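Novice: show me how the following folds:
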Amino acid sequence: MKKQWLLGLLLAAAPGVASAEVLVSGIVDVLVDGGNTYDWSKVELPGTTCGNGSQYKFFVHRSTTGSQNLLFFFEGGGACWDYDTCSGRAGVIGAANPNGITDDYMTQFTAKYVSPIVNGADPGLPFRSRTDIVTKDWNIVYMPYCTGDVHVGNNVATYADQTGQQPPLSWHHSGYKNSLAAINYAKVQFPNVQKLLVTGFSAGGTATSSSYYFVRRIINPARGYFLNDSGPIYLAPNVNDNSRPLHDKIRQSWNLDSVFNQFPASFDRNNLGTINRMLAMEFPNDQLAYTGYSRDYNYSRFSYERFYTPNDQEAVLTRWKADQDKLVAELNLYNNYSYFIPHERQINASHCSTIITFVGAHACQRMEKKKWYEYVNEPWQDYKCNSEFVSMSTFLQRFINDNQRVRIYEPANGYNADDPGMSVLAPLINGALGG
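Specialist: Residues are numbered from 1 along each chain as shown. Below you'll find the predicted structure:
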């Protein structure tokens, strides 16, 4: 009955995003089968702050079955390095939660609904059952994001309002102190971790790579895993490399040298992308992975839009694809790196593979244009997978439970764009996400 009701609601709401925004709370609640209803413990530690100077808060959930596995989850939500992006005036192209973290944060939209990995299940949809995934009933440390520095900054900066309308903004890029405090707290609370998965989406994906060294060494699990979802740290050894202006800006604004000076010699702080090499070499027995879309028009905007002209969508995505190709070539050098890179998904501008639902989060190594005689089945589809069609749930199973290296870099295709179900679902979810 629940799915029949939702199907009718979807069909009624499909014509426009406006309908989705009106119905968002009810629709999303059903789409993700209620999100999580966990018992969360709020933790406030001395010396931890949000960007506005308020008390930082993170949240802990304990397994109800006695699991010794731990999910250390970094929330995403933009980044900031000037007045507009830190104050909230820049909107989505800025830092999340500029006013701090509320006590009831875990009942709000992002924390409750956004991650199937946190919820331990890919949500049910019409004609598609809710499916438990590998993180079901793990212990969880959930790190909300309110510092604008991908959870790794170590600086108090003063940003002037270029319009002259407001006084200068003092901003606490205190992500590193917050993260280190939470990691040490987790070590005490969970002293015998068997499997540790460090993951996060967007800025939280970047935090996964930039903080894994600290999380892994302090918690010291029997097995270590990380999955960076759509927060790549690209190679940029030269001043004319695509990602170098962004790296130089955040390195200065967030005082990253004070954090990265603690890394071993395999990391070059003048080329932040060497963090991938460092982690592979430092933890050769761990399973490390990156996922993201080739047509990600969200993180790519942070990376290039404010630093280059032309900065239209195709110019931005061309730079993104060039950097992504270099990343894949780099990861191929190390036996313990996996990657799962679909081409595009109409949800959230192809940004993030592990948020809301795994619908459209699938990848095929040989996604090819159909031949004329292949249109009998699914005549609306111009593309066909001529190798294995791997879902995100399957990837996580193989990567975490089976300890397999999985490498899929999907070629350009219009499979998700041709999917009539995606044309209904995407506007609803995009309305919920505000984009």
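
Novice: can you tell me how far the residue of the chain most remote from its centre sits from Pro379?
Specialist: Using CA atoms, centre = their mean, the residue of the chain lying farthest from its centre is Tyr373. It sits 39.3 Å away. For Tyr373, the distance to Pro379 equals 12 Å [CB to CB, to the nearest Å]. Every residue, glycine included, has its C-beta placed from N, CA and C.

Novice: shared neighbours of the two, anything?
Specialist: Shared contacts of Tyr373 and Pro379, defined by CB atoms under 8 Å, 6 or more residues apart in numbering, are absent.

Novice: distance from the one helix or strand Lys187 maps to to the middle of the chain?
Specialist: Using DSSP states H and E, Lys187 maps to helix 175-189. Chain-centre distance of helix 175-189: 20 Å, with CA atoms, centre = their mean, to the nearest Å.

Novice: and the average pLDDT for that helix is what?
Specialist: Here helix 175-189 scores 98 as its mean pLDDT.

Novice: strands paired with the following helix or strand past that helix, and their directions?
Specialist: Moving toward the C-terminus from helix 175-189, the next helix or strand (DSSP H and E) is strand 195-201. Note on strand 195-201: by DSSP bridges, its sheet partners are strand 70-74 (parallel), strand 223-229 (parallel).

Novice: for those, give me a markdown table that also has mean neighbour count, distance to Thr110 and mean pLDDT.
Specialist: As requested, the strands paired with strand 195-201 are arranged in a markdown table below (neighbours: other CB atoms under 10 Å; distance: least, CB to CB, whole Å; pLDDT from 0 to 100):
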| stretch | mean neighbour count | distance to Thr110 | mean pLDDT |
| --- | --- | --- | --- |
| strand 70-74 | 28 | 12 | 98 |
| strand 223-229 | 24 | 14 | 98 |
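
Novice: any chance of those in TSV, plus distance to Ala417?
Specialist: Below are those laid out as TSV (distance: least, CB to CB, whole Å):
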stretch	distance to Ala417
strand 70-74	30
strand 223-229	21
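
Novice: for the stretch 101-250 of the chain, just list every one of the strands.
Specialist: For the stretch 101-250 of the chain, the strands defined by DSSP state E, counting those that start in this stretch occupy 121-122, 131-132, 139-143, 155-159, 169-173, 195-201, 223-229.

Novice: which stretch among those comes nearest Asp241?
Specialist: strand 223-229 (19.6 Å; CB to CB).

Novice: what's in contact with the closest one?
Specialist: For strand 223-229, the external contacting residues (CB under 8 Å, 6+ apart) are 117, 194-202, 204-206, 208-209, 212, 216, 279, 283, 285-292, 352-355, 396, 399-400, 403.

Novice: then that strand to CSV, C-alphas only?
Specialist: In CSV, the C-alpha atoms belonging to strand 223-229 read as follows (Å, rounded to 0.1, in the frame of the first residue of the first chain):
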residue,chain,number,x,y,z
ARG,A,223,40.9,-3.8,9.0
GLY,A,224,40.8,-0.3,7.5
TYR,A,225,38.7,1.0,4.6
PHE,A,226,38.0,4.5,3.2
LEU,A,227,35.6,5.6,0.5
ASN,A,228,35.9,9.2,-0.7
ASP,A,229,32.6,10.1,-2.3
